[in-house]
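*Asks:* Give me a model of this one.
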Amino acid sequence: MVAALLVAGCTAQAPDPPVSPQVSTPAEAVTVLGTDDPAALAVAVSGALFASSPVVALAGADDPPAQDEASGSGLPLLLTPADGDPAGVAAELDRLGATAVLPFGSAAAAWAGDRPVADAPVVAPPTPRPGVLVLATHAASAATATARAAGARVERVTDPDPRVAAPPGLDPRPAHVIALGSAFGDADTLATRLDVAAAGRQLPGGGQVLFPGRRMVALYGHPGVPALGVLGEQDIPASIARARELAAEYDAVSDQPVVPAFELISTIADSGPGPDGDYSSEAEVEFLRPWVDAAREAGVYVVLDLQPGRTDFLTQAQRYTELLAQPHVGLALDPEWRLGPDQRPLEQIGTVGVDEVNSVITWLADLTAENALPQKLLMVHQFRLSMIRERERLDTSRDELAVVLHADGFGTPDLKLGTWNALHEGEPPGVGWGWKNFFDEDTPTFTPAQTLDVGPVPPVFVSFQ
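*Replies:* Sure thing, here's the model as predicted:
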């Protein structure tokens, strides 16, 4: 009897080894799986993170309880369709080399048909892969379950733009980021946004995206020259205090937090040609630097305003690359002072072609991306439609910039509102709006409540001259 028992013990069947799916490395540093169909997304994640799996979990696409149960299986999870196979589940099973499936729920079992069914296999726990980050806007799904089964770190985000809601663990940025769903945009845009979020530089008032989320109220002018605007009526500390006081007045009636700002005239249209013959006097970087530095320390945004005379906006903007490479510095273009080869300041209203404006947009957006800076303001002044030729082609596609058209007229309320309404006719898509109040020329100057009530949308940038 003892011998028989020993023989039986020797011939007992050993337990099956754990199922060990084989993971793969994502092909790109940043990947956006841009479908919002759960079944297609599950297939896409499986394709991105798994090389093979002998067993694959299945759950019905219309069976949430089964999906919840299957999400803890530790296997790639695919969602079976009610009709046909639009997501390519069968093809993904073939690619993975699955020899059996593990269905959850009656719908998945029916879809599996005569495929071999695994009997509750033991699955080897995944090896954590800190270099693979998966971003999702859903709390749970087949796609995130598959990502976790591959050992990836999954983070749910409240906003698909990581500059708005940065997921943890971006410093340093993981080697591979996979985003689930079309809300994340294209891969290049997401990669740039991730660089900004990882760098962590903040705008005055916090955050890395300008609008919505804040409104700016600015003093306009040139240091030491009161005739050019209120910014020139006092020194730096007094200007900071005055900008804060104005911002506080608007904060009381604004639906967004209000950030104080300087709109700093950096190049001034000049009656004389000057050494370079462009009828524009350009301030040196070192002259502007104390204002820019003090503003940064005080939480004040700075906009460098250009009045280029006979030269072009891009040439002048590039003079201030060093200042514009700071997170709290934006740029304003004033076409009123963009003159033709034979024109002089104050003899006519200037004008600019949209291609010249777009060249500045491209350059400034590239500078912002290259330095992983928060979104930057690009503002264009206008009080006549003729000031920007072919305005309908204004490029607002660059995610690195917030493009604002600034209504620059003065006078009675009727005149100002007439200008404002005219500028909104045929407005380019994707622009924000700015408004200027004049202490002396407006009769009377709009109150904060009146300014923000102009409609059809309140201005995001209000300056005072």
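*Asks:* Okay, now the unreliable bits of the protein?
*Replies:* Flagging of the chain using pLDDT under 70 yields the residue ranges 1-16, 139-140.
*Asks:* who does the longest strand anywhere in it pair up with?
*Replies:* Longest strand of the chain, by residue count under DSSP state E: strand 258-269. Paired with strand 258-269 in the same sheet, following DSSP bridges, are strand 215-221 (parallel), strand 280-282 (antiparallel), strand 301-306 (parallel).
*Asks:* contacting residues around the last one?
*Replies:* The set of residues external to strand 301-306 that reach it, using Cβ atoms under 8 Å, 6 or more residues apart in numbering, is 203-204, 216, 218, 220, 259-267, 288, 291-292, 295-296, 313, 316-317, 320, 323-324, 328-334, 377, 379. From N, CA and C alone the C-beta is placed, and that goes for glycine too.
*Asks:* right, and the helix or strand after it?
*Replies:* helix 313-319 (DSSP states H and E).
*Asks:* Helix or strand next in line after that next one, which one?
*Replies:* Next element after helix 313-319 (DSSP H and E): helix 321-324.
*Asks:* just checking, what packs against the next helix or strand after that following helix?
*Replies:* Counting by DSSP H and E, the next helix or strand C-terminal to helix 321-324 is strand 329-333. With contacts taken as 3 or more Cβ pairs under 8 Å, 6 or more residues apart in numbering; DSSP states H and E, strand 329-333 sits against strand 301-306, helix 321-324, helix 354-370, strand 376-382.
*Asks:* what's the last one packed up against?
*Replies:* Translated: strand 376-382. Partner elements for strand 376-382 (3+ Cβ pairs under 8 Å, 6+ apart): strand 301-306, strand 329-333, helix 354-370, strand 401-407.
*Asks:* Counting by contacts, list what the third one packs against.
*Replies:* Helices and strands in packing contact with helix 354-370 are listed as helix 313-319, helix 321-324, strand 329-333, strand 376-382, strand 388-389, strand 401-407; criterion 3+ Cβ pairs under 8 Å, 6+ apart.
*Asks:* For residue 109, give its distance to residue 246.
*Replies:* Between residue 109 and residue 246 the distance is 68 Å, computed by Cβ to Cβ, to the nearest Å.
*Asks:* do the same with residue 133
*Replies:* With Cβ to Cβ as the criterion, residue 133 and residue 246 are 43 Å apart.
*Asks:* Phi first, then psi, for the spatially closest residue to residue 131 that is not a sequence neighbour.
*Replies:* Spatially, and ignoring its direct neighbours in sequence, residue 131 is nearest to residue 175 (4.2 Å; Cβ to Cβ, 6 or more residues apart in numbering). Main-chain torsions, residue 175, degrees, to the nearest 10: phi -60, psi -30.
*Asks:* since we're on residue 392, how many residues are nearby?
*Replies:* Neighbours of residue 392 under the rule other Cβ atoms under 10 Å: 10.
*Asks:* does it really touch residue 429, like I thought?
*Replies:* No. Residue 392 lies out of contact with residue 429 (Cβ atoms under 8 Å); the separation is 9.0 Å.
*Asks:* Let me know the secondary structure of residue 344.
*Replies:* For residue 344, the assignment made with DSSP: H, G, I helix; E, B strand; the rest coil gives coil.
*Asks:* tell me the SS of residue 119?
*Replies:* Residue 119 ends up coil, using three-state DSSP.
*Asks:* what's the spacing between it and residue 19?
*Replies:* Relative to residue 19, and taking Cβ to Cβ, residue 119 is found at 11 Å.
*Asks:* who has more neighbours, those two?
*Replies:* Legend: neighbour count by other Cβ under 10 Å for residue 119 and residue 19, higher for residue 19 (19 against 8).
*Asks:* Return the set of residues that bridge with the more buried one.
*Replies:* Assigned bridge partners for residue 19, using DSSP bridges, are residue 123.
*Asks:* Run through the residues that contact it.
*Replies:* 53, 54, 55, 75, 118, 121, 122, 123, 124.
*Asks:* Can you select the buried ones among the residues you listed for me in ChimeraX?
*Replies:* Command for ChimeraX that selects the buried part of the contacts of residue 19, burial taken from 16 or more other Cβ atoms under 10 Å:
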select :53,54,55,75,118,121,123
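*Asks:* Tell me the one of the contacts of residue 19 nearest residue 62?
*Replies:* Each of the contacts of residue 19 was checked against residue 62 using Cβ to Cβ; the closest is residue 75, at 20.4 Å.
*Asks:* does the residue lying closest to that closest one once chain neighbours are set aside sit in a helix or strand, and which one?
*Replies:* Spatial nearest neighbour of residue 75, excluding adjacent residues (Cβ to Cβ, 6+ apart): residue 57 at 4.3 Å. Per DSSP H and E, residue 57 falls inside strand 55-60.
*Asks:* just to revisit the earlier point, quick check on residue 109 and residue 246: which one has the bigger neighbour count.
*Replies:* residue 246 (22 against 17).
*Asks:* returning to that earlier point: list the contacts for the residue nearest to residue 75?
*Replies:* 70, 73, 75, 76, 77, 78, 101, 102, 103, 104.
*Asks:* Looking at strand pairing, list the partners for it.
*Replies:* residue 77, residue 102.
*Asks:* where exactly do the helices run in the stretch 101-250 of the chain?
*Replies:* Taking DSSP state H, counting those that start in this stretch as the criterion, the stretch 101-250 of the chain contains helices spanning 106-112, 142-149, 187-199, 236-251.
*Asks:* closest to residue 23 out of these?
*Replies:* Nearest of the helices of the stretch 101-250 of the chain (Cβ to Cβ): helix 142-149, 8.9 Å.
*Asks:* Work out the gap between the closest one and the centre of the chain.
*Replies:* Relative to its parent chain, helix 142-149 has a centroid offset of 26 Å by Cα atoms, centre = their mean, to the nearest Å.
*Asks:* contacts for that helix?
*Replies:* 21, 33, 38-39, 41-42, 44-46, 49-50, 59, 67, 70-79, 126, 134, 136, 138, 154, 178, 180.
*Asks:* Could you identify the buried members of those residues?
*Replies:* Judged by 16+ other Cβ under 10 Å, buried ones among these: 21, 33, 38-39, 41-42, 44-46, 49-50, 59, 67, 70-71, 73-79, 126, 134, 136, 154, 178, 180.
*Asks:* Narrow those residues to those in strands?
*Replies:* 33, 50, 59, 77, 78, 79, 134, 136, 154, 178, 180.
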